[in-house]
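Chemist: below are the sequence and a predicted model for it; my questions follow.
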Amino acid sequence: MKEYLNNQRGDVSLIVLFVILIPLLMLLYAYTTDSEISLQGYFRIKSGLNRAVHAAALQLNNDELSSGKRVIDPSLAQSEFLSYLQENLSLDDTLNPLPNTFLKDQVVIIDFKVENTGPFPYHFVDTTNEVDIWLSRPGVIAIIEVKYPRIFSVLGPIAWKVNASHELIYQ
Amino acid sequence: MGVGLKKVIKMLQTIKKIITNEQGGVSPILVIVILAPLLVWLMLKPTYQHVLILRHAVIQKEVDYLLEQGARLGYVSTDMQNDSKQRLIDRGFESGKLEYSITSDTGSSATDPLNPLIRGIGLIVEISYPYDNTFLIDRLIGIDPPPATDRLKAKGIQMIERWD
C-alpha cells in the first residue's frame, strides 16, 4: 500500500493529491455556485412579487371613488396580482413554473390580503411567517412560499417565505 | 521482420516506463496528463461562473430600475435606454452586444415620451446579452458550449401608474 501512496523519494504521490484535491474542489465549486445563484434568485423573486402587489395596489374601486372614498377593488386586485406574479416569475395558471425557467416547484400563496377598512395606520403582524407591516392607507399584503431549485445538492433544501406590500396609489 | 518486432518491443517498454513508476504503480506523468484538464477546469470554472451570475444580476437590476422609472412616467425613451446602456458599459458590458426590448402588453409603443402609456397597461422591459466565451472552458471536460445565439436574459413587467 505504502509504495502506491508514496513515490520513490517518500513524498506523497500525485495520485493521492489528486484524489483528495478534486472532490474537494468540486464540493467548493458546487457550494459557491449554488449560494450565489440562490441569492440572485431570491432578489428576482422579491422584485417580481413587489411588481405583483404594485399592480394589485393600482386597482382603485371606481364606484367608491365617485362617492369620495379611495379603496381597492379586492377581486380586481387579486386577478391582477396573480397575472403579474405569473408574468414576472414565469408561471402558468396553476402557479407551476413554465418549462425551462428558473423555478422548478409550484409557488404557494400563503396569504393575500387587501386591507380597505383600517383603522389606519394599520398594523399587520404574522408571527409564524415573521411579517410585520404598517400601512398608512388602504393597501395590499402578500406572502408567498417559493422553493429554491438547487442545482447541486450540497446546500440543504431552501424554501423562502417572501412577503411584499404596497399602499394604494393615487395622484 | 525480426528488427521490426524488436522495435515494437522497445517501443512498448518505453511506453511502460513512461506510464509506470519504479514500483509498478501509475506514473505521475500519466496522472498529470489524464487529470490536468479536470484540475484546470475546476480551478477556473468558478471564476467564469461568477462572471456569468454577476452579469445576470447587473442586467436584472437595470431591468428593475427601468421598470420603476417607466411605470411612473409611462414610457422608457431612447435617452433612458442610452443612459442605461452607459451604466452597463461602466460595469464592463460591450455596448454593441446589449439588446433592449421595451414593449407593452397591449402592443402600443412604450418608448414614446409624447404618447406615454396610461394607468393599467403593463410595461415589459427585457435586456439581453450574449454568453460570450463564459462556457468555452467546459470544452476541457468535454461539454459543448451552448450555441452562440443563446443569450443571457433579464425580463420584467410592471403596471403603469400614470393617470391619463
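Modeler: That came through, no problem.
Chemist: quick one, strands of chain A?
Modeler: Assigned by DSSP state E, chain A shows strands spanning A:108-115, A:122-126, A:131-135, A:139-147, A:159-167.
Chemist: just send those back as CSV, with distance to chain B and mean pLDDT too.
Modeler: Placement of C-beta: from N, CA and C, glycine included. Conversion of the strands of chain A to CSV gives the following (distance: least, CB to the nearest CB, whole Å; pLDDT from 0 to 100):
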stretch, distance to chain B, mean pLDDT
strand A:108-115, 16, 89
strand A:122-126, 22, 87
strand A:131-135, 18, 89
strand A:139-147, 12, 92
strand A:159-167, 11, 90
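Chemist: deepest-packed of those strands, please.
Modeler: Among those, the stretch with the highest mean neighbour count (mean count of other CB atoms under 10 Å in any protein chain shown) is strand A:139-147, at a mean of 22.
Chemist: next, name the residue at the spatial heart of chain B.
Modeler: The residue at the geometric middle of chain B, judged as the C-alpha nearest the mean C-alpha position with CA atoms, centre = their mean, is B:Tyr131 (3.1 Å).
Chemist: state the distance from that one to B:Arg55.
Modeler: Between B:Tyr131 and B:Arg55 the computed distance is 9 Å (CB to CB, to the nearest Å).
Chemist: again, but for B:Leu12
Modeler: B:Leu12 is 51 Å from B:Arg55, where distance means CB to CB.
Chemist: these two: who's more crowded?
Modeler: B:Arg55 (20 against 10; other CB atoms under 10 Å in any protein chain shown).
Chemist: helix or strand: which one has that one?
Modeler: If you go by DSSP states H and E, B:Arg55 is part of helix B:28-73.
Chemist: how about the residues of chain B by chain A?
Modeler: Contacts of chain B with chain A, taken as CB under 8 Å from any CB of the partner chain, map to B:21-23, B:25-26, B:28, B:31-32, B:35, B:38-39, B:42-43, B:45-46, B:49-50, B:53, B:56-57, B:60, B:64, B:67, B:71, B:119-120, B:122, B:156-159, B:161, B:163.
Chemist: give me that answer again for 7 Å
Modeler: If contacts are counted using CB under 7 Å from any CB of the partner chain, the residues of chain B sitting beside chain A are B:21-23, B:25-26, B:28, B:31-32, B:35, B:38-39, B:42-43, B:45-46, B:49-50, B:53, B:56-57, B:60, B:64, B:67, B:119-120, B:156-159, B:161, B:163.
Chemist: now a ChimeraX select for only the buried ones of the residues you listed.
Modeler: Selecting only the buried entries of the residues of chain B next to chain A in ChimeraX, with 16 or more other CB atoms under 10 Å in any protein chain shown as the criterion:
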select /B:21,25,26,31,35,39,42,45,46,49,53,56,57,60,64,67,119,120,156,157,158,159,161
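Chemist: what is in contact with B:Tyr131 and B:Arg55 at once?
Modeler: Counting by CB atoms under 7 Å, 6 or more residues apart in numbering or on different chains, the common neighbours of B:Tyr131 and B:Arg55 are B:Leu152.
Chemist: quick one: the helices in the chain?
Modeler: Using chain A here. For chain A, helices defined by DSSP state H occupy the ranges A:2-5, A:14-57, A:62-66, A:74-89.
Chemist: nope, chain B
Modeler: Going by DSSP H, chain B shows helices at B:2-19, B:28-73, B:78-90.
Chemist: okay, the ones you listed, which one's buried deepest?
Modeler: By mean count of other CB under 10 Å, the helices of chain B have helix B:28-73 as the most buried, with a mean of 17.
Chemist: other SSEs contacting it?
Modeler: In this structure, helix B:28-73 packs against helix A:14-57, helix B:78-90, strand B:122-130, strand B:151-159, with contacts taken as 3 or more CB pairs under 7 Å, 6 or more residues apart in numbering or on different chains; DSSP states H and E.
Chemist: okay, the angle between the longest one and strand B:151-159?
Modeler: Here helix A:14-57 runs at an angle of 20 degrees relative to strand B:151-159 (axes from the mean of the first three to the mean of the last three CA atoms, to 10 degrees).
Chemist: helices or strands up against helix A:14-57?
Modeler: For helix A:14-57, the packing partners by 3+ CB pairs under 7 Å, 6+ apart come out as helix A:74-89, strand A:139-147, strand A:159-167, helix B:28-73, strand B:151-159.
Chemist: which helix or strand in chain A has the lowest average pLDDT?
Modeler: Comparing every helix and strand of chain A by mean pLDDT, DSSP states H and E singles out helix A:2-5 as the least confident one, with a mean of 57.
Chemist: alright, that wraps it up for me.
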